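Chemist: can you look at this prediction? I've put the sequence above it.
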Amino acid sequence: MTSPSASPSTSKSEVVTRFAPSPTGYLHIGGARTALFNWLYARRHNGRFLVRVEDTDRERSTEAAVRAIFDGLSWLGLFADEEPVFQYARADRHREVANILLETGHAYRDFLSAEETGALRDAAKAAGRPFESPWRDRTPTVDHLAKPHTVRFRRPADAPVVVEDAVQGTVRWESASLDDLVILRSDGAPTYNLAVVVDDHDMGVTHVIRGDDHLNNAARQSLIYDALGWTRPTFAHIPLIHGPDGAKLSKRHGAQAVHEYAEMGYLPEAMRNYLARLGWAHGDDELFSDAQAIEWFDLAGVGRAPARLDFDKLAHVNAHWIRLADDDRLAKLTLDVHLARGHVLGPDDEARLTRAMPFVKDRARTTLELADQTAFVLAARPIAIAAKGRELLTGESGERIGRLRDRLALFESWDVFALEAELKVFAEEEAVGFGKIGPAARAALTGGSASPDIAKTLAALGREESLGRLNDALQQTI
């Protein structure tokens, strides 16, 4: 039924999965999870993960949406093993298969107009029976063939359709509940279900893992596979993602697009961890690496109930991966946040951020919070000191900060542990608890904004910046 060149090159034992987005908008978080599940399953079985752009809706498909999808997949680290396939470019192949179905009697030409089809459909609905075109059992004449018409798939009359779904279990449809599907429109354009079957077959896809909103499509697509004598793939329809309140995910629940999560300060490895756990489980494991997810992932662990998006849990997962992340990388990500907020880059900013990371990342849940907690290292001199802070830098307290400055000016080792020891000795020599020193020192060094303890603040700022800020502060209070 097919030309040799159209046969899949996949070996029978190789697992091939695919992610097939429509480029009509951003990469939705649900689509990202579907892509992740396909990627994990392929990796788990040493197979191939493919991407197909289903761009047959020419009015709604845009280049910007295509870029947004690939940018989202790239940010998530989900890269296909081959160049992407664009469905629209394969329309000739889809028409070729439609003609095969016509030749074998599994499809027929329907010469009803849209108005006639609508009227007959309404009448069938009113009579409580499925719509069926009168052309199902008529043979067109030569004159008819010259007229515009659609091509419909001829569903089996009585046989039920049964799909053994790897997530949903055995699913059954009565064929009478399924219309004769249009597979070619009157302008010759292939329709979705035909194109999907042909592309999945030609790409060698063995497992179709997608949202359960496509479950009914599995019935129609299975019939097309059977009519062509092609082996059906394994279908696995995963439940959709709902909001925290259990309702279908919408704008009122917050971020829906992958790029929004990136902008909100989440790390891609955290998103992979969280999305993998959203609707799939491996015991009670909540935090796991990519390697562990690949080792553990199977379709048996996917639940049938809709998963609920939980921003608190996502923040917890993100905090875990921030703690494990490389400081240089975090510094670059945090600097991007500062720049987006209008900060003008200074020559030592990235170095200060890198030094600060070990001292702040344990308390941050997102890179936005990292930016909040590192604002003190990027403040331009002379730092504005609030009135309360200026009070701490006068009188005896101010004199003590002056002595601290003089002592630190002689101190060469700017290691945080050495600074902690030096500050402890200084407090002992001053015969006061550090509570009498810390607030005034913080006011001088940061203007009073949030920062780690004083030794860590000094280490993050560096020697020259720290001494400069102390000098500036003392000059302001003279």
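Modeler: Nice, thanks for sending it over. None of these values were measured; they are calculated from a predicted model.
Chemist: next SSE downstream of the worst-scoring helix or strand of the chain on mean pLDDT?
Modeler: Within the chain, no helix or strand scores below helix 142-145, which has a mean of 86 by mean pLDDT, DSSP states H and E. Per DSSP states H and E, the first helix or strand lying C-terminal to helix 142-145 is strand 150-153.
Chemist: what's in contact with that following strand?
Modeler: For strand 150-153, contacts defined as CB atoms under 8 Å, 6 or more residues apart in numbering pick out 98, 101-102, 106-110, 112, 133, 135-136, 180-186, 194, 220, 223-224, 227. All C-beta atoms are positioned from the backbone trio N, CA, C, and that covers glycine.
Chemist: just the C-alpha atoms of stretch 379-393, please, in PDB.
Modeler: Extracted in PDB, the C-alpha atoms of stretch 379-393 (Å, rounded to 0.1, in the frame of the first residue of the first chain):
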ATOM      1  CA  ALA A 379      24.400  49.300  45.000                       C
ATOM      2  CA  ALA A 380      26.400  52.300  43.600                       C
ATOM      3  CA  ARG A 381      28.600  54.300  46.000                       C
ATOM      4  CA  PRO A 382      28.000  56.400  48.000                       C
ATOM      5  CA  ILE A 383      25.100  54.300  49.300                       C
ATOM      6  CA  ALA A 384      22.100  56.200  50.600                       C
ATOM      7  CA  ILE A 385      21.800  55.400  54.300                       C
ATOM      8  CA  ALA A 386      18.400  55.700  56.000                       C
ATOM      9  CA  ALA A 387      17.900  58.000  58.900                       C
ATOM     10  CA  LYS A 388      17.900  55.100  61.400                       C
ATOM     11  CA  GLY A 389      21.100  53.800  59.900                       C
ATOM     12  CA  ARG A 390      22.800  57.200  60.200                       C
ATOM     13  CA  GLU A 391      21.900  57.300  63.900                       C
ATOM     14  CA  LEU A 392      23.800  54.000  64.400                       C
ATOM     15  CA  LEU A 393      26.900  55.600  62.800                       C
END
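Chemist: now it, how far from the centre of its chain.
Modeler: 43 Å (CA atoms, centre = their mean, to the nearest Å).
Chemist: other SSEs contacting the least confident helix or strand of the chain?
Modeler: Counting contacts by 3 or more CB pairs under 8 Å, 6 or more residues apart in numbering; DSSP states H and E, helix 142-145 packs against no other helix or strand.
Chemist: outside of the helix or strand harbouring residue 224 itself, list whatever touches it.
Modeler: Per DSSP H and E: residue 224 is located in helix 215-228. Helix 215-228 is contacted by residues 1-2, 97, 100-101, 104, 106, 153, 155-156, 161, 163, 165, 168, 171, 173, 178, 181, 183, 192-194, 196-197, 201, 208, 231-232, 235, 237 when judged by CB under 8 Å, 6+ apart.
Chemist: what pairs with the helix or strand following it, parallel or antiparallel?
Modeler: Later in the chain than helix 215-228, the nearest helix or strand by DSSP H and E is strand 234-238. Counting by DSSP bridges, the strands paired with strand 234-238 are strand 207-211 (parallel).
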